[in-house]
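Colleague: Need coordinates for the below:
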Amino acid sequence: MLTNLTGNALKFTEQGEVVVTAEKEIENDSTVMIRFSVKDTGIGISEETQKKLFQAFTQADGSTTRKYGGTGLGLSISKQLVELMGGQIGVISRPGQGSTFWFTASFDKQPAAADEPSPQLESLENVRVLIVDDNASNRRILSHQRNSWGMVHDEAESGLRALELMKAAAAQGRNYDLAILDFLMPGMDGFELAEAINADSDISRVRTVLLTPAGERGDGVRSRNAGISAYLSKPVRQSQLFDCLISVMSKSAGQEEPTRPTSSSLVTKHTLHEAKNISPKLILLAEDNIVNQKVATRQLQKLGYRCDAVANGREAIEALSRIPYDLVLMDCQMPEMDGYEATGEIRRTEVEPRHTPIVAMTAHALEGDREKCIAAGMDDYITKPVRLKELTRVLKAFLGSTIEENRAPPIDASPVDFDRMHGAMGDEPTELSKTLNLYMETMSENLGQLAAALALGDCNEIESIAHSCAGTSAVCGMTGVVDPFRELEVVAREGNLTKASRALAQAKQEFERLQTFLNEQVRQID
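Modeller: Take a look at the predicted model:
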């Protein structure tokens, strides 16, 4: 909102200045009301215009709309947001004497302990966890994941059995650190089990993570009341569950006694997303359409980047004079000063070796448009609507890999990527078994065909079959056999039968390991 108010203030400053302030207005034991102000020394706004300024599609007058751009939605949206936060919004202004936009917002006070962040763990090795689920296949999958992370785990098929194991462990002085609870279980569901754990002083220190097939309104409040530390709706990606467990264990590190989760401490998919690392690189977005601004900002946030938005080229130049942005996404058609003119002015005043990358964003896709952008001093060109894939390409080109790409998944030495396997084959047991059998039968046939092609010295056939096997295995999440098949494909393309023989032997060995693993961890393969 401050960004939006500042942008609106800039439209009325001419050559004036903008000052942003924040001050405490009302405070009690649990909340504090803050008053934010954006003051300018510009052209001011008439009293008549002020009365309708916070209505949609309203600006100072028709000429201002043409000169300064924007849709007039910004202040209307800000008003709605402020009211949702229990505050008010307004403006004080006189023509020729500047304006002060202001709003108030109420914030909950954070506990004193929040000032000292918990140490962030990097490993789950030797963490003791109890997996509670009535579905044996689900327990096997979760058990395998825990093994790959170095955790020590036990399993329980019901809430009553889980309580027995927890109490026995506590009596031996070997309390569990975590319990992963399925919500839908007969007799005692996940919520009821969590409440029972929380009510028993001998085992109440066990951190509980609830997995549920579908969240319902009020589940967050019920989770906190039950003492649950994390609440995740299925399907849960392996990397997401790893981040969740790391977060839960980090919050409990160094605590003498467990504390009931609060609205800010309950771990959810949303809080995990918000906690992801943000790149230190800063992006400036020059775009006069507020809807396009919001879409582009959300895309950048998804890729792990912060951005500031301005409404025209003049504001972009002003922003760059204050902050050394790492990249500018510049709309070409904007009121007052378009992207071409703004880029020319930026390049004219730029001092070597400083060179700010500027990427054009335009709805035009005509022949010669790219050349026009490059001639104006821009470094690259993307068309609207901006696709996430194209935006990723630009960010990688000028800023390096995105945060999402840099987040390496937890180390997993298993030959199966369970997330990918279930994504390709489904979660329903019958469907999964049928598809898995088809994959195994097909791969067995392919290995026989590869052996026959090798005996005949047919490198083209070996290359073709190995390529198909590697692609199919990658799609199905059978990661352990992908590299051997790719290696076989490469050496066959080179015509090296000696290396092809060794690569085929390795592929067969990994396939046998895969088959054994699936027999032990997922189910018996017919």
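
Colleague: Are there helices or strands packed against the helix or strand harbouring Leu75, and which ones?
Modeller: Leu75 belongs to helix 73-84 when assigned by DSSP states H and E. Judged by 3 or more CB pairs under 8 Å, 6 or more residues apart in numbering; DSSP states H and E, helix 73-84 is in contact with helix 2-11, strand 89-93, strand 99-108, helix 290-302. The C-beta positions use only the backbone N, C-alpha and C, and glycine is treated the same way.

Colleague: burial of the closest residue in space to Gly480 that isn't next to it in sequence, as a residue count?
Modeller: Once flanking residues are discounted, Gly480 sits nearest to Pro415: 2.5 Å by CB to CB, 6 or more residues apart in numbering. Neighbours of Pro415 under the rule other CB atoms under 10 Å: 21.

Colleague: and Pro415, what does it touch?
Modeller: For Pro415, the contact set (CB atoms under 8 Å, 6 or more residues apart in numbering) comprises 478-481, 510, 513-514, 517.

Colleague: still on that earlier bit, just the helices and strands packed on helix 73-84: most buried one?
Modeller: Looking across these with neighbours counted as mean count of other CB atoms under 10 Å, the highest average goes to helix 2-11: a mean of 21.

Colleague: now it: mean pLDDT?
Modeller: Here helix 2-11 scores 51 as its mean pLDDT.

Colleague: cool, stretch 432-440 as well?
Modeller: Stretch 432-440 shows an average pLDDT of 84 in the prediction.

Colleague: Buried residues of it, list them for me.
Modeller: By neighbour count on 16 or more other CB atoms under 10 Å, the buried set for stretch 432-440 is 432-433, 436, 439-440.

Colleague: hmm, which of the contacts of Pro415 are the buried ones?
Modeller: Among those, the ones that count as buried by 16+ other CB under 10 Å are 478-481, 510, 514, 517.

Colleague: Of those, just say which sits nearest to Leu241.
Modeller: Thr479 (17.8 Å; CB to CB).

Colleague: Compute the distance between the nearest residue to the closest one once chain neighbours are set aside and Cys469, please.
Modeller: Computed as CB to CB, 6+ apart, the closest residue to Thr479 that is not its neighbour in sequence is Asp417, at 5.1 Å. Separation of Asp417 from Cys469 (CB to CB, to the nearest Å): 16 Å.

Colleague: When these two are compared, which one has more neighbours?
Modeller: Neighbours were counted for Asp417 and for Cys469 using other CB under 10 Å; Cys469 has more, 26 against 20.

Colleague: So the more buried one sits against Val481, correct?
Modeller: Yes - counting by CB atoms under 8 Å, Cys469 does reach Val481; the two are 7.4 Å apart.

Colleague: anything in contact with each of these two?
Modeller: Here Cys469 and Val481 share the contacting residues 443, 507, scored by CB under 8 Å, 6+ apart.

Colleague: Would you map the helices across the stretch 1-150 of the chain?
Modeller: Applying DSSP state H, counting those that start in this stretch to the stretch 1-150 of the chain gives helices spanning 2-11, 47-50, 62-68, 73-84, 136-148.

Colleague: how about the fourth one as PDB, C-alpha atoms only?
Modeller: Extracted as PDB, the C-alpha positions of helix 73-84 are listed here (Å, rounded to 0.1, in the frame of the first residue of the first chain):
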ATOM      1  CA  LEU A  73      -8.000   1.300  -9.200                       C
ATOM      2  CA  GLY A  74      -5.000   1.600  -6.900                       C
ATOM      3  CA  LEU A  75      -6.500   3.800  -4.200                       C
ATOM      4  CA  SER A  76      -9.800   1.900  -4.300                       C
ATOM      5  CA  ILE A  77      -8.000  -1.400  -3.700                       C
ATOM      6  CA  SER A  78      -5.900   0.200  -1.000                       C
ATOM      7  CA  LYS A  79      -9.000   1.400   0.800                       C
ATOM      8  CA  GLN A  80     -10.400  -2.100   0.800                       C
ATOM      9  CA  LEU A  81      -7.200  -3.600   2.100                       C
ATOM     10  CA  VAL A  82      -6.900  -1.000   4.900                       C
ATOM     11  CA  GLU A  83     -10.400  -1.600   6.100                       C
ATOM     12  CA  LEU A  84      -9.800  -5.300   6.200                       C
END
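
Colleague: Quick one: list the elements packing against the lengthiest helix in the chain.
Modeller: Assignment by DSSP state H gives helix 429-456 as the longest helix of the chain. If you count contacts as 3+ CB pairs under 8 Å, 6+ apart, helix 429-456 packs onto helix 418-425, helix 459-476, helix 497-521.

Colleague: go with 10 Å
Modeller: Contact here means 3 or more CB pairs under 10 Å, 6 or more residues apart in numbering; DSSP states H and E; on that basis helix 429-456 packs against helix 136-148, helix 418-425, helix 459-476, helix 482-493, helix 497-521.

Colleague: chain center to it, what's the gap?
Modeller: Centroid separation between helix 429-456 and its chain, computed with CA atoms, centre = their mean, to the nearest Å, is 36 Å.

Colleague: hang on, the earlier thing: just the helices and strands packed on helix 429-456: most buried one?
Modeller: helix 482-493 (a mean of 22).

Colleague: State the distance from Phe54 to Gln509.
Modeller: Using CB to CB, Phe54 is found at 70 Å from Gln509.

Colleague: Arg298 too?
Modeller: The gap separating Arg298 from Gln509 is 47 Å, by CB to CB.

Colleague: again with Leu432
Modeller: With CB to CB as the criterion, Leu432 and Gln509 are 25 Å apart.
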